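Trainee: Have a look at this prediction, sequence included:
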Amino acid sequence: MANFASVIQNINNERQENIEKKMLSTTNQEKQEILKLYKSRWIILGVYILYSMSNAAHWIQYSIISNITGKFYGVSNYSVDLTSTIYMLVYVPLLVPASWLLDKKGLKTTMLIGAGGTVLGAWLKVYSAEPDKFLITLLGQGLIACSQAFILSLPSRLAAVWFGASEVSTACSLGVFGNQLGGALGFLIPPMMVHDSDNLSEIGNEFRTMFFSFAIVNTAVFFLVLWSVKSEPLLAPSYAQVAQRKQRDDPTIMNDAFVSSMKDLMKSKGYVLLLISYGINSGCFYAISTLFSQFILQYFPGHQEDVGRIGLSLVMSGLAGSILCGYILDKTHLYKETTLVIYTGTLISMVIYAFSLSNSKSIWTIYLTASLLGLFMTGYLPVGYELAIEITYPIAEGTSSGLLNGGTQLIGFILTSVYSWVFATMGDKFANIMIICLLAIGSLLTVFIPPSLKRQAAHKAHNEKQNLGLER
């Protein structure tokens, strides 16, 4: 930890020396036109990845071992599912305050609140490893879920504020990587640490060990955020950020810019279409993940650890898809086209996964088809973020991403509840057909999103002015 702090301090010292040399000979206006990429941007991105990962690892922690959780606490499958769906339920009312905080107070304050809430909830769960303390574990999970509101909408803001125009999509994809990696650990770790047993004391001890391990990690991440994160660099990394800073610092702009931005977003046809289609895709992912254990164990009883590993393969393939898509966007800037291809791939892979689940006799087939589904379904997440920013620029990234996530969480909660009900009353085949139909609707909506890339237009306009000699 000391070596990490020393590296950060050296980078900060180097940055300050360079800035002071430039600032001695520049006016305020000239300072705004100077672009600089700071080495510390990679450290801040790395800390954010850990921050997001350590929160997301709690999300599916109970549901992936739903049979053990239900036995230990003596609760129904619906109650176990609530430990996951609570993430979606609490996000919606916290959307506006979290987005406002990010817009007004910046990256560091928002991250500290999210990290602090996660730590508090994680330690509360340590004391909930008793059969009669399900309400306490639900309270701890609820605090961690509330903290997610101060996490999910940050990748696009962090990428735009700290990274250059040619790397912003890659940085956003890496930021989303943290949340996906946390989800992957949530699939993998609980089946490895908590095992089914008729002795509730043994299960309780294993739960306590798992909760304690997670709480220690969350505490370490909180201090990393406190020591290493800054809200924004002194000098902007791109001309799009220069323009946003000028707008933000303009005294003629009214204080209700946040409210105005929200209204503008809802007036944008392209954004509303994306909001619905993105919500459907992500909502389907949440629904599938929450009931993952119940679906697979129906066809492969006794394969609890395989369920965790299949979930891991689903998310890890999505990580590869996210990074690949971010690279493609940075190189091609084909935002709508990439979004449509990924969405169509999600639809096709869901058909393949659903068919294999109900017809295959081999668990390894499920590994492959779930990985294919994850490649497209979770690989889509950063692509949707970036398309939202492109079509809503210069509205603050935190606002557009926050509202996008709010719609996703609301749709995800509804879809998970309906998916669970259809599964319980009509079976897995009807439940998966419902998901396939919804993804088909989402793909169709994506076709009608206008290909308006406003942020790219801002970069292009500035470069053309430079070429014409209108700017230095």
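Mentor: All right, it came through fine. Numbering: from 1, shown residues only.
Trainee: For the helix or strand containing T83, list every residue counted as buried.
Mentor: Using DSSP states H and E, T83 sits within helix 77-105. For helix 77-105, the buried set under the neighbour-count rule, 16 or more other CB atoms under 10 Å, comprises 77, 79-92, 94-96, 98-103. Just so you know, the C-beta spots here come from the backbone N, C-alpha and C atoms, and that holds for glycine as well.
Trainee: and what of stretch 335-347?
Mentor: So for stretch 335-347, counting by 16+ other CB under 10 Å, buried means 335-336, 338-347.
Trainee: Please, where are all the helices along the stretch 51-200 of the chain?
Mentor: For the stretch 51-200 of the chain, helices defined by DSSP state H, counting those that start in this stretch occupy the ranges 66-73, 77-105, 107-126, 134-148, 154-162, 168-193, 200-228.
Trainee: Make TSV out of the ones you listed and add mean pLDDT and distance to C284.
Mentor: TSV is the format used below for these (pLDDT from 0 to 100; distance: least, CB to CB, whole Å):
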stretch	mean pLDDT	distance to C284
helix 66-73	91	19
helix 77-105	84	13
helix 107-126	93	25
helix 134-148	93	19
helix 154-162	82	21
helix 168-193	82	15
helix 200-228	94	27
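Trainee: So which elements touch the helix holding T83?
Mentor: helix 66-73, helix 107-126, helix 134-148, helix 257-267, helix 269-290, helix 397-426 (3 or more CB pairs under 8 Å, 6 or more residues apart in numbering; DSSP states H and E).
Trainee: Out of those, which is closest to H303?
Mentor: helix 66-73 (11.6 Å; CB to CB).
Trainee: Now the nearest residue to T378 once chain neighbours are set aside, what are its backbone angles?
Mentor: Spatially, and ignoring its direct neighbours in sequence, T378 is nearest to G318 (2.6 Å; CB to CB, 6 or more residues apart in numbering). Main-chain torsions, G318, degrees, to the nearest 10: phi -60, psi -30.
Trainee: shift numbering so it begins at 39
Mentor: New numbering, starting at 39: the last item is G356.
Trainee: measure G356 to V389 for me?
Mentor: Distance, G356 to V389, using CB to CB, to the nearest Å: 18 Å.
Trainee: Those two: which is more packed in?
Mentor: G356 (27 against 18; other CB atoms under 10 Å).
Trainee: which residues does that one contact?
Mentor: 218, 412-413, 415-417, 419 (CB atoms under 8 Å, 6 or more residues apart in numbering).
Trainee: how does it look with 10 Å?
Mentor: By CB atoms under 10 Å, 6 or more residues apart in numbering, the contact list for G356 reads 214-215, 218-219, 221-222, 323, 409, 411-419.
Trainee: likewise N397?
Mentor: 337, 403.
Trainee: how close does it get to A469?
Mentor: 16 Å.
Trainee: Using PDB, write out the CA atom coordinates for stretch 418-430.
Mentor: Taking Å, rounded to 0.1, in the frame of the first residue of the first chain, the C-alpha atoms of stretch 418-430 are listed here in PDB:
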ATOM      1  CA  TYR A 418     -23.000  -4.300 -25.400                       C
ATOM      2  CA  LEU A 419     -22.900  -2.400 -22.100                       C
ATOM      3  CA  PRO A 420     -20.100   0.100 -22.800                       C
ATOM      4  CA  VAL A 421     -21.200   0.500 -26.400                       C
ATOM      5  CA  GLY A 422     -24.600   1.700 -25.200                       C
ATOM      6  CA  TYR A 423     -22.900   4.200 -22.800                       C
ATOM      7  CA  GLU A 424     -20.700   5.600 -25.500                       C
ATOM      8  CA  LEU A 425     -23.600   6.000 -28.100                       C
ATOM      9  CA  ALA A 426     -25.600   7.800 -25.400                       C
ATOM     10  CA  ILE A 427     -22.800  10.300 -24.900                       C
ATOM     11  CA  GLU A 428     -22.300  10.800 -28.600                       C
ATOM     12  CA  ILE A 429     -26.000  11.600 -29.300                       C
ATOM     13  CA  THR A 430     -26.500  13.800 -26.200                       C
END
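Trainee: doesn't I87 make contact with V214?
Mentor: Yes - using CB atoms under 10 Å, V214 is in contact with I87, at 9.2 Å.
Trainee: Give me the common contacts of those two.
Mentor: With CB under 10 Å, 6+ apart, V214 and I87 have common neighbours P193.
Trainee: neighbour count winner among those two?
Mentor: Higher neighbour count among V214 and I87: V214, with 31 against 20, using other CB under 10 Å.
Trainee: chain center to stretch 116-135: distance?
Mentor: Its chain's C-alpha centre and that of stretch 116-135 lie 14 Å apart, by CA atoms, centre = their mean, to the nearest Å.
Trainee: For Y100, which residues are in contact?
Mentor: 106-108, 110-111, 113, 117-122, 163, 172, 175-176, 179, 224, 228, 232, 245, 331.
Trainee: what does S235 give?
Mentor: With the criterion set at CB under 10 Å, 6+ apart, S235 makes contact with 106, 109-110, 241-242, 244.
Trainee: if I look at it, how far off is N105?
Mentor: Here the criterion is CB to CB. By it, S235 lies 12 Å from N105.
Trainee: got it, and T384?
Mentor: 29 Å.
Trainee: what's the burial count for the residue lying closest to G154 once chain neighbours are set aside?
Mentor: In space, and not counting its chain neighbours, G154 is closest to F260: 6.3 Å by CB to CB, 6+ apart. By the criterion of other CB under 10 Å, F260 has 22 neighbours.
Trainee: so F260 touches L150, yeah?
Mentor: Yes - counting by CB under 10 Å, F260 touches L150, with 7.7 Å between them.
Trainee: Overlap in contacts, the two.
Mentor: Joint contacts of F260 and L150 (CB under 10 Å, 6+ apart) are Y89.
Trainee: so G440 touches A187, yeah?
Mentor: Yes - using CB under 10 Å as the test, G440 is close enough to A187 to be in contact (8.3 Å).
Trainee: got any ranges where the stretch 239-388 of the chain has weak pLDDT?
Mentor: 278, 281-282, 285-297 (pLDDT under 70).
Trainee: now do 80
Mentor: 269-270, 272, 274-306, 340-343, 357, 360-361, 363-365, 367-374 (pLDDT under 80).
Trainee: Going along the chain, name the helices of the stretch 389-510 of the chain.
Mentor: Remark: helices assigned in the stretch 389-510 of the chain by DSSP H, counting those that start in this stretch are 401-415, 418-430, 435-464, 466-485, 492-505.
Trainee: of all the ones you listed, which lies closest to S327?
Mentor: When these are compared by CB to CB, helix 435-464 sits nearest S327, at 8.8 Å.
Trainee: Buried residues of the closest one, list them for me.
Mentor: In helix 435-464, the ones that count as buried by 16+ other CB under 10 Å are 435-451, 453-455, 457-458, 460-461.
Trainee: chain center to it: distance?
Mentor: Worked out by CA atoms, centre = their mean, helix 435-464 lies 14 Å from the chain centre.
Trainee: ditto for stretch 157-169
Mentor: 24 Å.
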